[in-house]
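Q: Here is a sequence with its predicted model. Questions after.
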Amino acid sequence: MPKIIDHDQRRSDIVDVTWELITKGGIEAATMREIASAAGFANGALKHYFPSKDDIIQATYERALELMKSYVQLGELRGLAALRAMCLAAMPIDEERITAGRVLLTFWHASLSNPKLYEKYLEHVREWRAQLHQLIAEGREDGDIVTAIPDEQLVDEMVLLNAGANVMSLVGPQFSTVELQRRHIESFMDRLTTP
């Protein structure tokens with residue numbers, strides 16, 4: 001009887017290995033040869049599961065996004081409360097989120113020279129910004145967000161606050177402690193509730 005191969009599991013295993021290589025040595029460490037070797041494949045066998053290294057990087061990036069999304073449990077929250085929960089969820093406040101941030105940073109770097117990866121990143125940013133706009137609108141509707149600062153500027157600031165915290169947690173962790181990140185979020189939230 002022929003052996004049944006779980007192709008989805010193999011793809012997941014390849015992403016696991018790529019994740020490990022990236023977190024330990026950056027994107028340079030995640031060569032096709034190293035990925036294949038660590039996953040227990042012949043180099044050419046990876047192409048059966050992923051056509052190119054960029055496809056493996058994209059799948060690894062999507063896993064990082066899914067991990068980050070798993071922290072965003074809004075439930076019945078809306079408006080200001082949901083905005084606070086979403087911002088805190090995206091901050092690098094524990095080892096798992098810092099690691100996910102490392103993978104995201106690697107993807108950002110790769111997307112600079114790859115239009116397909118760049119478009120995937122822009123798609124994520126558009127969705128993120130749309131959700132932030134929606135939560136701000138709910139907060140204004142509920143009367144919790146009263147600042148005169150335009151919504152577009154608020155969204156820009158939140159994106160920069162979260163992206164900057166992720167970068168600094170990797171390149172200058174002494175300047176981006178968890179406590180400092182929380183203070184920045186709370187300071188920002190206080191501005192939303194001030195006319």
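A: Done, it's in.
Q: wait, residue 83 sits on residue 137?
A: No. Residue 83 is beyond contact range of residue 137, at 10.5 Å (criterion: C-beta atoms under 8 Å). Quick note: C-beta positions are derived from backbone N, CA and C, even for glycine.
Q: just checking, what's the longest helix in this protein?
A: If you go by DSSP state H, the chain has its longest helix at helix 115-142.
Q: Check which helices and strands that helix sits against.
A: Applying 3 or more C-beta pairs under 8 Å, 6 or more residues apart in numbering; DSSP states H and E, one finds that helix 115-142 makes contact with helix 53-71, helix 79-89, helix 95-111, helix 151-171.
Q: can you rerun that using 6 Å?
A: helix 79-89, helix 95-111, helix 151-171 (3 or more C-beta pairs under 6 Å, 6 or more residues apart in numbering; DSSP states H and E).
Q: what's the angle from it to helix 53-71?
A: Helix 115-142 runs at 20 degrees relative to helix 53-71, counting by axes from the mean of the first three to the mean of the last three C-alpha atoms, to 10 degrees.
Q: most centrally placed residue in this protein?
A: By C-alpha atoms, centre = their mean, the chain has its centre lying nearest to residue 65, at 4.2 Å.
Q: got a list of what it touches?
A: Shown in contact with residue 65 (C-beta atoms under 6 Å, 6 or more residues apart in numbering): no residues.
Q: I'd like to know the predicted local confidence at it, please.
A: Per-residue confidence (pLDDT) for residue 65: 78.
Q: Could you measure from it over to residue 71?
A: 11 Å (C-beta to C-beta, to the nearest Å).
Q: what does residue 45 give?
A: Using C-beta to C-beta, we find residue 45 at a distance of 34 Å from residue 71.
Q: In terms of neighbours, single out the busier of these two.
A: Neighbour totals were compared for residue 45 and residue 71, and residue 71 leads with 17 against 13 (other C-beta atoms under 10 Å).
Q: Hmm, the more buried one is touching residue 88, no?
A: No. Taking contacts as C-beta atoms under 6 Å, residue 71 lies outside contact range of residue 88: 8.5 Å.
Q: just to revisit the earlier point, and residue 83 and residue 137? Which one has more around it.
A: Shown here are residue 83 and residue 137; by other C-beta under 10 Å, residue 83 has more neighbours (27 against 13).
Q: Not counting sequence-adjacent ones, nearest residue to that one?
A: Using C-beta to C-beta, 6 or more residues apart in numbering and skipping residues adjacent in sequence, the residue nearest residue 83 is residue 135, 4.4 Å away.
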